[in-house]
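[1] Okay, structure incoming, though there's no sequence with it:
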Ligand code: MN3
């Protein structure tokens, strides 16, 4: 399948605006998707608008080789391209109804990498709640199946030459403040119940070589 290129379009949510209640309410999801995410898409397109040679590249290609981007647009492309990538994966990796648990080879990998699902959850929560300022917490894999947790600041992405994302949680205040105000930990607790583990497992399987 050909990967999406410029002009990037706002992907609709894979569920309704009310689907993730009560963890994420309609207003939170509306603002997050229709305003914040859309702004990254618009700004990425405007950063690419004068660079036909970059318009052929997929988002991942752009993000994988920052050094090859013209200096004048490197920061805008990385910031807004990261914003697009991170939000698309974040929205895609949640589902309703809530309360799935990891299964299959991903469950086995979580058990062997972290001791057990609950131990992973503790570590992941620590990373998410402990991210200073705005950013993301990630569960990543390498092509040999080794899982790890990472924090990234702002809209930075992990090095895709090495890491393949499995799930991620947005800990910018805009992701939760309307509903949770300063209670980031409560939002993160709720987010665990929204993870679409079936899709996460598919990403894990595809990452292995
Ligand atoms: Mn966000």
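    Arrived safely. In this text the structure is predicted, and so the values were computed from the model without any measurement.

[2] show me what contacts the closest residue to the ion within the chain?
    Residue of the chain nearest the ion, by CB to the ion: residue 170 (4.2 Å). (Each C-beta comes from the backbone N, C-alpha and C, glycine too.) Residue 170 sits next to 32, 86-87, 90, 136 when contact means CB atoms under 8 Å, 6 or more residues apart in numbering.

[3] Serialize the residues you listed to JSON lines and add fields for pLDDT, neighbour count and secondary structure.
    Converted to JSON lines, those look like this (pLDDT from 0 to 100; neighbours: other CB atoms under 10 Å; DSSP: H, G, I helix; E, B strand; the rest coil):
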{"residue": "32", "pLDDT": "98", "neighbour count": "22", "secondary structure": "helix"}
{"residue": "86", "pLDDT": "98", "neighbour count": "25", "secondary structure": "helix"}
{"residue": "87", "pLDDT": "98", "neighbour count": "25", "secondary structure": "helix"}
{"residue": "90", "pLDDT": "98", "neighbour count": "20", "secondary structure": "helix"}
{"residue": "136", "pLDDT": "98", "neighbour count": "28", "secondary structure": "strand"}
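
[4] Can I get these in TSV including distance to residue 112?
    What follows is these, written out as TSV (distance: CB to CB, whole Å):
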residue	distance to residue 112
32	34
86	27
87	31
90	26
136	25
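
[5] what's the farthest-apart pair in those residues?
    32 and 136 (13.4 Å; CB to CB).

[6] what about the residue lying closest to residue 174 once chain neighbours are set aside, how many neighbours?
    Using CB to CB, 6 or more residues apart in numbering and skipping the chain neighbours, the partner closest in space to residue 174 is residue 36 (5.3 Å). Look at residue 36: counted by other CB atoms under 10 Å, it has 15 neighbours.

[7] before we move on, what SS does residue 36 have?
    The assignment at residue 36 comes out as helix when based on DSSP: H, G, I helix; E, B strand; the rest coil.

[8] Would you agree it is in contact with residue 173?
    No - Residue 36 lies out of contact with residue 173 (CB atoms under 8 Å); the separation is 10.7 Å.

[9] The closest residue to residue 139 other than its chain neighbours: how many residues sit nearby?
    Among residues not flanking residue 139 along the chain, residue 166 sits closest, at 4.5 Å (CB to CB, 6+ apart). Counted with other CB under 10 Å, the neighbours of residue 166 add up to 26.

[10] check which helix or strand covers residue 166.
    strand 164-170 (DSSP states H and E).

[11] Who are the packing partners of whatever helix or strand comes next after that strand?
    Of the helices and strands lying after strand 164-170 in sequence (DSSP H and E), the nearest is helix 177-180. In terms of contacts (3 or more CB pairs under 8 Å, 6 or more residues apart in numbering; DSSP states H and E), helix 177-180 is packed against helix 26-30, helix 184-194.
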